[in-house]
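# Kindly return the folded structure for what I paste below:
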Amino acid sequence: MKKITMALSLVAVMAVEIQAVTLEDRVKALEEQNTVLTEEILASQSGGFTLVDTEKSYNGLGAAASKVYFSKNPLSIGGYGEMYYANPDNGDDFSDVYRFVTYFGYKFSENVILNAEIEYEHGANAATGGEVVIEFMYLDFLYSNELNFRIGNVLVPMGHIGLRHEPTLFNTVQRPEVEKYLIPTTWGENGALLYGRFNEAGIEYTAGIINALNINNGNTVSASKKWIRNGRQGAASQASFDPAFIGRVDYTGINGLKVGASVYYGGGSNLKNDPANDVSGLTTTMFDVHASYEQGAFSAYGLYTQTNLDGAEKLGSGAVESGSGYYANASYDLGTVMGIDYKIPIFAQYQNYNPVEKTVDGLNEDKYQTEIVTIGMNFFPVDQAVIKADYAMKDVNGEESNVLSLGIGFIF
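The predicted model follows:
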């Protein structure tokens, strides 16, 4: 009897030990699963809501605008902001909360993606020149690395700053004037684009149809420097639609180098909803050649662009026929030289442009001939935020002015 009792006790003890081991394994497995789930949730939230990888770009877009394409969460929220202080030598100093921008992206699936940019300018106070505007809003249909389709209100793929207009991506406090008056950045139009990349060849391309500029405006007739910029239709209510062609090709096969060209071709009078003032026979052609290069502490970017209006004589004897210009920016990161973790690029930028290079009657062609030399530096406390300072020396048709500017910018 004692032997039976001892045997049963041993079996019971072994069973308890086995159960304990099994329970311990189960707890350990559950803890491991919980760790994995927690990491996935944190990664999802970080990818979707808080972090932006400054090294990643999709189809030439800025890092914050690209977030939705790399996010693990269906919903992506990002944006950027910039404000500045300016002290011109020919006027009073002032400051401006220039832009605060929100990006909203949503993945309906891995192949159908919404991306949108809503911009608040100058405090969005309409009484003092502020505004709220949709800069782009489109659906992407992703099929392959080589071929994708985009439809909606799209960023026009011209120039260097147009696609990469986030403040951490250019050195100066203000965007280059060449890409303000000659390439009207930021430029968004209703349209449809095909785009893709051939990795082995190092070629990226974009081509499609967008709404044409309306060059048939008072600025063209009076030969104002804003004749191109004020021709944008953008996201305006019930804007006339006149198809124009846009194309872009970039070569990125050499490490650190991007070189390419863009072209725009379309009618110059986009006033189909105002036939009494519409003018036939106007054609606008715009092109640019652009390049950027990064190697170690050194980086540079710039472009040349030209716009021609055929048929300008139909608008008046003083109308603009063409404008052109170029700029180059070179910088060197002192942080790399000093062996510290902060980026501190010092830079110099040169701009030379004339938005009214040629008029029908040959008059007022030097009025806006502009040359600007800008020197300055940036300080990046983190990769997503920058403090800027620059000094711009400007000559417009012989009239000189200088401006000291300080600014901050950030992306998220």
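# Buried residues of stretch 235-248, list them for me.
235, 239-242, 244, 246-248 (16 or more other C-beta atoms under 10 Å). All C-beta spots, glycine's among them, are computed from the backbone N, C-alpha and C.
# pLDDT check: weakest of the residues you listed?
Scanning the buried residues of stretch 235-248 for pLDDT, the low point is residue 239. It has 81.
# Now the phi/psi pair for that residue, please.
Per-residue torsions, residue 239: phi -70, psi 140 (degrees, to the nearest 10).
# One more: residue 340?
phi -110, psi 170.
# swap in the one 3 residues further on?
Backbone geometry at residue 343, expressed as degrees, to the nearest 10, gives phi -80, psi 130.
# can you check residue 148 too?
phi -140, psi 160.
# Please enumerate the strands of the stretch 251-400 of the chain.
257-267, 283-295, 298-310, 320-333, 345-359, 370-382, 385-396, 399-411 (DSSP state E, counting those that start in this stretch).
# Parallel or antiparallel, which strands does the fourth one pair with?
It refers to strand 320-333. Using DSSP bridges, the strands paired with strand 320-333 are strand 298-310 (antiparallel), strand 345-359 (antiparallel).
# Just the buried positions in stretch 138-154, please.
138, 140, 142, 148, 150, 152-154.
# Farthest-apart pair in these, please.
Across the buried residues of stretch 138-154, the longest distance by C-beta to C-beta is 18.6 Å; it joins 142 and 153.
# so where is the stretch 301-412 of the chain shaky, pLDDT-wise?
Scanning the stretch 301-412 of the chain for pLDDT under 70 picks out nothing.
# And the strands of the stretch 251-400 of the chain: which comes nearest residue 112?
Judging these by C-beta to C-beta, what sits closest to residue 112 is strand 399-411, at 25.1 Å.
# Tell me the spatial nearest neighbour of the residue most central in space within the chain, not counting adjacent residues.
Geometric centre of the chain, nearest residue: residue 164, 3.0 Å, by C-alpha atoms, centre = their mean. Leaving aside its sequence neighbours, residue 164 sits nearest to residue 62 (C-beta to C-beta, 6 or more residues apart in numbering; 5.0 Å).
# since we're on the one you found, how many residues are nearby?
Neighbourhood size, residue 62 [other C-beta atoms under 10 Å]: 24.
# check contacts around it.
By C-beta atoms under 8 Å, 6 or more residues apart in numbering, residue 62 lies in contact with 80, 163-166, 169, 411.
# which one of the residues you listed has the most neighbours?
residue 166 (28 neighbours).
# what separates the closest residue to that residue other than its chain neighbours from residue 199, distance-wise?
Distance criterion C-beta to C-beta, 6+ apart; nearest residue to residue 166, sequence neighbours excluded, is residue 62 at 3.8 Å. Look at residue 62 and residue 199: by C-beta to C-beta, to the nearest Å, they are 21 Å apart.
# where does residue 59 fall, phi/psi-wise?
phi 50, psi 40.
# and the closest residue to it other than its chain neighbours, how many neighbours?
In this structure, residue 59 finds its nearest non-sequential neighbour in residue 195, 5.7 Å apart by C-beta to C-beta, 6+ apart. For residue 195, the neighbour count with other C-beta under 10 Å is 20.
# try the one 4 residues further on
Around residue 199 there are 11 other residues, counting by other C-beta under 10 Å.
# In space, what's closest to it - neighbours in sequence excluded?
residue 145 (6.7 Å).
# hang on, isn't the one you found packed against residue 195?
No. Using C-beta atoms under 8 Å, residue 145 is not in contact with residue 195, being 10.6 Å away.
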